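**Student:** Please work out how this folds:
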Amino acid sequence: MDKILRIDLGAEGGPKAYETPLGDYSGLGGRALTSTIVASEVPPTCHPLGKENKLVIAPGLLSGSAAAMSGRISIGCKSPLTGGIKESNAGGQPSQVLARLGYAAIVLEGKPKGDDIYRVFINKEGVKIEVDNTLKGLGNYGVVEKMRAQFGDKIACISIGQAGEMKLSGASIACTDMELRPTRHAGRGGVGAVMGSKQVKVIVLDDTGMAMRQPKDPEKFRKANTAFVEGLRKHGVTGQALPAYGTNVLANILNEAGGYPTYNFKVGRFPGTSKISGETEAALETERGGLATHGCHRGCVIRCSGIYNDKDGHYLTKQPEYETVWAHGADCGIDDLDKIAYMDFLDDDIGLDTIEMGVTIGVAMEAGLLKFGDADGAINLLQEIKKGTPLGRIIGSGAAVTGKVFGVERVPVVKGQGIPAYDPRAVKGLGVTYATSTMGADHTAGYATASNILKVGGFVDPLKPVGQIELSRNLQIATAAIDSTGMCLFIAFALLDQPETYQSLLDMINAFHGISLTSDDVVALGKKVLKTERDFNIRAGFTKEMDRLPEFFKYEAVPPHNVVFDVPDEELDSVFNW
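**Tutor:** Purely as a prediction, here's the structure:
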């Protein structure tokens, strides 16, 4: 991974691909690489859908190797949803395949002059960029099936559906899983709209004939990897809860804690939670011949994914994640798992962020377009997006736009991005993360639920403002570093509780690259990434007043604890004072 593949879609005579050395980007991977390229090469005030924006796709430092859990891919750009820098990441196969092809990143730049749709094919022989207008208007599943028919089933795909083609701000980018299904999404921030603005429908990756990336010190790497896996398997979250019930194991936990946002963030508990919980979901998957335990990419040992079949035993979608089930479930007052799973399939096929869409439909329900609990009405709204109707384009543009169009005050967004599945009044550490993250409201940017609710890495009372700033700050720093390795963020549960597992990760990175990375170096990397991202946002016009939650969280107490978000603004302004 010593080179960058750049594809200039606006080149004279048609799109051109060329390679450049890493140069100043040497030693970076994943989020560190995407954010550094975007901050260095994209004018902060440019239009997100214009030719000056770039879409950067980067595997992590350990991707393409035998390192367990190293299959995350980072996708970065200036976000059409937030107007700031964006890194959205996904699982699936593309990260491993791209890394084995030798690329530290793909950069899509420029903009075609016509209205043709392009297909990019990359293998050991090189790169082919071809017009393929037969892909116009297809969903992600249809695109991948056409690519499978043309290139065989040993490929990995990165694609957009109709939402990306329409350049809607809620559009995601799909990555295929081990079964070559487009189920793993870089969902947040409208990255799919940027890929659509470049008129690239799909990037097909084929690493046939390419070897696994090899470590500089194979024996030290093997021992560290073994210790790392052992640590993950003996931790209660990564070794038991997530493999058994998937991420939706959190539904009952957050509902009991009173932090499960319901009816567009009106209350913190949902009466129908038991019907849509991870335990119920896993049992239903097993009963119907699906899978309750499944990896989204090769090398995954946590295996928190699954396969959800319909009532007739036919594949419907991958196991809907906690945030997806919440967004289309409790937030909208829907307790029908089959309807939620179908919405998950539609989101994946159309190419939409499930969190943004659930929050948006909740806002539409608040506006009176449909009633809370109307699952068929929610499905219809997603179909409107697929058809590209005016209403569909509004919904597909996200919660902030929908709230403005329909005159709704209670719109749960930060920097234009929908707030995920943890009420910031009852899980205050995440409230700090939502408010201050460079990415807009994003639970993964600093997952304070770990300490606020699960008591991983210590305990900070979720209902009190004390200690939340430091908690969020430390987690945002750690997350920025982990996102740069290509590692799944869920390893953090074990890292926070097991110093020896954290050390084994450092040993693995050092053995692979022949370096001497220390814990202090990891912290420094996380701080550097955040500083780079914040600097871009400031140059794009962001101010400290944008690091705030919507005001209704300050004044509306959420049952059952009847608490408001009361972390002072001056403390929010201190998060990045290290």
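**Student:** and the helix or strand containing residue 479, which residues are buried?
**Tutor:** In the assignment (DSSP states H and E), residue 479 maps to helix 468-482. When burial is assessed from 16 or more other C-beta atoms under 10 Å, helix 468-482 yields the following buried residues: 468-469, 471-482. C-beta coordinates here come from the backbone N, C-alpha and C atoms, glycine included.
**Student:** Which helix or strand contains residue 395?
**Tutor:** helix 390-396.
**Student:** now do residue 181
**Tutor:** Judged by DSSP H and E, residue 181 forms part of no helix or strand.
**Student:** Assign a three-state SS to residue 17, would you?
**Tutor:** strand (DSSP: H, G, I helix; E, B strand; the rest coil).
**Student:** ok, the nearest residue to it once chain neighbours are set aside - contacts?
**Tutor:** In space, not counting the residues next to it along the chain, residue 17 is nearest to residue 127; the distance is 4.2 Å by C-beta to C-beta, 6 or more residues apart in numbering. Contact partners of residue 127, counting by C-beta atoms under 8 Å, 6 or more residues apart in numbering, are 5, 7, 17, 120-121.
**Student:** Residue 127 in helix, strand or coil?
**Tutor:** The assignment at residue 127 comes out as strand when based on three-state DSSP.
**Student:** what is it paired to in the beta sheet?
**Tutor:** When bridges are called by DSSP bridges, residue 127 pairs up with residue 122.
**Student:** hmm, back to that, same for the helix holding residue 479, what does it pack against?
**Tutor:** Counting contacts by 3 or more C-beta pairs under 8 Å, 6 or more residues apart in numbering; DSSP states H and E, the secondary-structure elements packed against helix 468-482 are helix 30-41, helix 428-436, helix 449-452, helix 491-497, helix 519-539.
**Student:** What is the nearest of the contacts of residue 127 to residue 170?
**Tutor:** Checking the contacts of residue 127 against residue 170 with C-beta to C-beta, the nearest one is residue 120 at 23.7 Å.
**Student:** burial count for the closest one?
**Tutor:** Applying other C-beta atoms under 10 Å, we find 23 other residues in the vicinity of residue 120.
**Student:** how does this protein divide into domains?
**Tutor:** Using automatic domain parsing, the domains assigned to the chain come out as 3-205, 215-245+424-578, 248-422.
**Student:** Can you add mean pLDDT and give those back as a markdown table?
**Tutor:** Formatted as a markdown table, the domains of the chain follow (pLDDT from 0 to 100):
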| stretch | mean pLDDT |
| --- | --- |
| domain 3-205 | 97 |
| domain 215-245+424-578 | 95 |
| domain 248-422 | 96 |
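**Student:** quick one, what contacts residue 529?
**Tutor:** With contacts defined as C-beta under 8 Å, 6+ apart, residue 529 is in contact with 31-32, 35-36, 480-481, 483-484.
**Student:** repeat that for 7 Å
**Tutor:** Shown here is residue 529, whose contacts under the criterion C-beta atoms under 7 Å, 6 or more residues apart in numbering are 31-32, 35, 480, 484.
**Student:** Spatially nearest residue to it, not counting backbone neighbours?
**Tutor:** residue 480 (4.0 Å).
**Student:** Surely that neighbour and residue 31 touch.
**Tutor:** Yes. With contact defined as C-beta atoms under 7 Å, residue 480 counts as touching residue 31 (6.3 Å).
**Student:** Of the contacts of residue 127, select the buried ones using a ChimeraX command.
**Tutor:** In ChimeraX, the members of these classed as buried (16+ other C-beta under 10 Å) are selected with the following command:
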select :5,7,17,120,121
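**Student:** For the stretch 151-300 of the chain, which segments count as strands?
**Tutor:** Secondary structure of the stretch 151-300 of the chain (DSSP state E, counting those that start in this stretch): strands located at 156-159, 173-175, 184-186, 200-205, 291-294.
**Student:** Let me know which of those strands is the nearest to residue 421.
**Tutor:** The stretch from those with the least distance to residue 421 (C-beta to C-beta) is strand 184-186; that distance is 15.9 Å.
**Student:** Give the full set of residues in contact with residue 225.
**Tutor:** By C-beta under 7 Å, 6+ apart, the contact set of residue 225 is 66-68, 508.
**Student:** quick one on the thing from earlier: after the helix holding residue 395, heading C-terminal, what element do we hit next?
**Tutor:** Toward the C-terminal end, the helix or strand that comes next after helix 390-396 (DSSP H and E) is helix 399-405.
**Student:** What's the local residue count around residue 486?
**Tutor:** Residues near residue 486, counting by other C-beta under 10 Å, number 28.
**Student:** repeat for the one 10 residues further on
**Tutor:** Taking other C-beta under 10 Å as the neighbour definition, residue 496 ends up with a count of 22.
**Student:** One more: residue 519?
**Tutor:** 11.
**Student:** can you tell me the helix or strand for the closest residue to it other than its chain neighbours?
**Tutor:** Of all residues not flanking residue 519 in the chain, residue 506 sits nearest, at 6.9 Å (C-beta to C-beta, 6+ apart). Residue 506 is located in helix 499-513, with elements delineated by DSSP H and E.
**Student:** helices and strands around that helix, which ones?
**Tutor:** Judged by 3 or more C-beta pairs under 7 Å, 6 or more residues apart in numbering; DSSP states H and E, helix 499-513 is in contact with helix 218-234, helix 491-497.
**Student:** Please identify the most buried of those helices.
**Tutor:** The highest mean neighbour count among the helices and strands packed on helix 499-513 belongs to helix 491-497 (a mean of 23), with neighbours defined as mean count of other C-beta atoms under 10 Å.
**Student:** List the contacts of the helix holding residue 479.
**Tutor:** Surrounding helix 468-482, the residues in contact under the criterion C-beta under 7 Å, 6+ apart are 31, 428-429, 432-433, 436-437, 444-448, 451, 460, 489, 492, 522-523, 525-527, 529-530, 567, 571, 574-575, 578.
**Student:** Quick check on the residues you listed: which are buried?
**Tutor:** Members of the contacts of helix 468-482 that pass the buried threshold by neighbour count (16+ other C-beta under 10 Å) are listed as 31, 428-429, 432-433, 436-437, 444-448, 451, 460, 489, 492, 522-523, 525-527, 529-530, 567, 575.
**Student:** thinking again about what came up before, run the angle between the helix holding residue 479 and helix 519-539 for me.
**Tutor:** Orientation note: helix 468-482 sits at an angle of 100 degrees relative to helix 519-539 (axes from the mean of the first three to the mean of the last three C-alpha atoms, to 10 degrees).
**Student:** would you put the C-alpha positions of the helix or strand harbouring residue 144 in PDB?
**Tutor:** Taking DSSP H and E as the definition, residue 144 sits inside helix 140-151. Only the C-alpha atoms of helix 140-151 are listed here, as PDB (Å, rounded to 0.1, in the frame of the first residue of the first chain):
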ATOM      1  CA  ASN A 140     -27.400  -1.500  -5.100                       C
ATOM      2  CA  TYR A 141     -28.600  -5.100  -5.300                       C
ATOM      3  CA  GLY A 142     -29.300  -4.800  -9.000                       C
ATOM      4  CA  VAL A 143     -25.900  -3.200  -9.600                       C
ATOM      5  CA  VAL A 144     -24.000  -5.900  -7.800                       C
ATOM      6  CA  GLU A 145     -25.800  -8.700  -9.600                       C
ATOM      7  CA  LYS A 146     -24.900  -7.200 -13.000                       C
ATOM      8  CA  MET A 147     -21.200  -7.000 -11.800                       C
ATOM      9  CA  ARG A 148     -21.300 -10.600 -10.600                       C
ATOM     10  CA  ALA A 149     -22.600 -11.700 -14.000                       C
ATOM     11  CA  GLN A 150     -19.900  -9.800 -15.800                       C
ATOM     12  CA  PHE A 151     -16.900 -10.300 -13.500                       C
END
